[in-house]
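**Student:** okay, predicted coordinates and the sequence, questions at the end:
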Amino acid sequence: MSRIQGRFQQLAAERRRGLIPYITAGDPSLEVTLALMHELAAAGADVIELGVPFSDPQADGPTIQRASERALRGGTRLAAILDTVGRFRTTDPRTPVVLMGYANPVEAMGHEAFATRAAAAGVDGVLLVDLPPEESRGFVDQLAARGLDPIYLLSPTTTDARIAEIARLARGYVYYVSLTGVTGARHLQTADVASRMQVLRRHLDIPIGVGFGIRDAASAQAIAAVADAVVIGSRIVEEIEGSPPGEEVSRVGTFVRAIRQAIDAVPASA
Amino acid sequence: MQMYDLPDERGHFGPYGGVFVAETLMHALDELNEHYLRHRSDPEFMAELAWELRHYVGRPSPIYHARRWSEHFGGAQVYLKREDLNHTGAHKINNTMGQALLARRVGKPRVIAETGAGQHGVATATVAARYGLKCTVYMGSEDVKRQSPNVYRMKLLGAEVVPVESGSKTLKDALNEAMRDWVTNVADTFYIIGSVAGPHPYPMMVRDFNAVVGRECIEQMQELAGRQPDACIACVGGGSNAMGMFHPYIDVPGVRLVGVEAGGDGVATGRHAAPLSAGRPGVLHGTRTYLMQDEDGQILDTHSVSAGLDYPGVGPEHSWLKDSGRAEYVAIDDADALRAFHDLCHLEGIIPALESAHALAQAARMAPTMRPDQILLVNLSGRGDKDLNTVARLAGITI
């Protein structure tokens, strides 16, 4: 059983919802990233999504664009990100880590080399936002051969046929993007998300995490009531961006603990 | 010999092309593909497009035998396909006209575009005004500075011009931002991409709308010279004017297809915009193609005197034509492009766009090595009025 699967089974047994925070690796440095990962785990993260910065993050809004630029200016490289995950694993064997990013940096390393090194470092899943199922067959095989879960996005406009296709390939969990737009967008419509979850569950037997537009305890709670897990990215990156140097870890910890508390307050039967 | 029929159903040209976008855009692209394929085989739509190209754009554009310039080389005869004479001064309107008609047919009241030099932005703003569509153009803030006349043109035409401050603040970042707008406003917005780049169906669709150039060339060369050229030469940034000229010639034997990339300060310096000459394949802007990238797969900044060629990628079909050997690609640096720019002004009374000057410079390189009964056909893809400030500044003149 994969670490991600194990974590979601444990959550189901405890009748709790998952919390999946996102940070960009190397923002503001990989040293801080390592400390943030431990803090996220301590604050109640069930899966950590670790962003691999790319020069042209087309699916991201301004907040994560700026985080990627900061990370790249600091010289953050994919190989060093994998090393950072490896260091995290030496003291945290439990918290699943998913790398999230764009196809090109991974392709530049080579799909096979990347999968091998990611697995060795203790990565659990990989989500390449611009590598849809049609273009990812070979890559998925490389991941599967090393026990890594391919994570896919689903959107409000994904057709039933595509949901079924993605359900066939996806492992671990799927990431439902709750609105059309880029990361960091607002205007979350929780009623739409709820009705959409029913459609998705007809096709999917793995957990569904929901993200995009979740900014505070109230929106996290509303999503936790209908999804298996809540994904929060831009709002956490904003905490890092707005923090005086050296205070990133405590600020993010405080924010994520409040979200964790809000999610755990959702009645289990909901 | 099998007729050339790429791309395949999912937009692949061999290992290149495809659809590399986030799930949020998949449906919009599938829908666009469906709409486009339906209208491409709709005689009424194609007739309307042909009428607009004739009466609004001014097609067919002539081919001109540049006799004095040819004599100057003492070699091959150079003919120019005069896309600079189109309405708005470049080939770009062939495509924006097609896509705007499509936007109207599918009921989208708003169009958006990315632009580098501003030619595609102007061509989009023009057709948006022509059809009463709301128009937003994304332009890197660096390009806004160096192409200010085109920014004003777009505003005169009623478009909103949004300067893009992210990344290198040039064309590639404008494309990122336009994509972000599209994914957010997809319900009422049609994204008019300006080159044969981006995810399927754009490379195919933009090529098809520009292929009118090559089709006219085949007919006009027969009339003018009684035969087809020994080589077609066109500049390649994203590669739409080149693809438009090359595509109808792919199955014509004996015609060399020569794409000319921007060599900037020289390919050896690393300061250029020549991914086919000095890059390697990767994934950017929704497609797999040759890219300028570092060893970590991060996209590199590009350098060229011509804003319209300042792009780190290239249309995927060019990548395929390169690998398959059907087309060849070379780089011309800034200095040689400028020399050709001035020569054409002096010897033929034509001020070419700096982009097109790269293709002219390649003709200037090839012509002297060829016989006087041989023919080079250059796509003069745009006129140089927009570049007057750039050229004057390089000569130390303020206008």
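**Tutor:** Noted; the coordinates are in hand.

**Student:** all contacts plus neighbour counts: C-alpha atoms, from now on.
**Tutor:** Noted.

**Student:** show residues contacting the one helix or strand residue B:49 maps to.
**Tutor:** Element membership of residue B:49, judged by DSSP states H and E, is helix B:43-52. Around helix B:43-52, the neighbours that count as contacts under C-alpha atoms under 8 Å, 6 or more residues apart in numbering or on different chains are B:39-40, B:97-98, B:101.

**Student:** identify the bridge partners of residue B:329.
**Tutor:** residue B:259 (DSSP bridges).

**Student:** can you tell me which of the contacts of helix B:43-52 lies closest to residue B:124?
**Tutor:** residue B:97 (7.9 Å; C-alpha to C-alpha).

**Student:** can I assume that closest one is in contact with residue B:130?
**Tutor:** No - using C-alpha atoms under 8 Å, residue B:97 makes no contact with residue B:130, being 9.5 Å away.

**Student:** the two: which is more packed in?
**Tutor:** residue B:97 (26 against 13; other C-alpha atoms under 10 Å in any protein chain shown).

**Student:** dump the residue contacts of the more buried one.
**Tutor:** Counted by C-alpha under 8 Å, 6+ apart, residue B:97 has contacts B:49, B:52-53, B:124, B:127.

**Student:** quick one: which of these is most hemmed in?
**Tutor:** residue B:124 (35 neighbours).

**Student:** can you name the residues that contact that residue?
**Tutor:** Going by C-alpha under 8 Å, 6+ apart, the list of residues near residue B:124 reads B:93, B:96-97, B:100, B:113, B:135, B:192.

**Student:** please redo it, this time with the cut-off set to 7 Å
**Tutor:** B:96, B:113 (C-alpha atoms under 7 Å, 6 or more residues apart in numbering or on different chains).

**Student:** that one belongs to a helix?
**Tutor:** Yes - using DSSP: H, G, I helix; E, B strand; the rest coil, the assignment for residue B:124 is a helix.

**Student:** separation between it and residue B:356?
**Tutor:** 20 Å (C-alpha to C-alpha, to the nearest Å).

**Student:** next one: residue B:197
**Tutor:** 19 Å.

**Student:** how about residue B:324?
**Tutor:** 25 Å.

**Student:** ok, the contacts of helix B:43-52 vs chain A, which is closest?
**Tutor:** Proximity of the contacts of helix B:43-52 to chain A (C-alpha to the nearest C-alpha) peaks at residue B:39, which lies at 22.9 Å.

**Student:** got the contact list for the longest helix seen in chain A?
**Tutor:** Scanning chain A for the helix with the most residues, using DSSP state H, yields helix A:248-264. Helix A:248-264 is contacted by residues A:16-17, A:19, A:35-36, A:39-40, A:43-44, A:216-217, A:220-221, A:224, A:236, A:239-240 when judged by C-alpha under 7 Å, 6+ apart.

**Student:** could you pick out the buried ones from the residues you listed?
**Tutor:** By neighbour count, with 16 or more other C-alpha atoms under 10 Å in any protein chain shown, the contacts of helix A:248-264 hold A:16-17, A:19, A:36, A:39-40, A:43-44, A:217, A:220-221, A:224, A:236, A:239-240 as buried.

**Student:** so which of the residues you listed comes closest to chain B?
**Tutor:** Nearest to chain B among the buried ones among the contacts of helix A:248-264, with distances taken as C-alpha to the nearest C-alpha, is residue A:240, at 19.3 Å.
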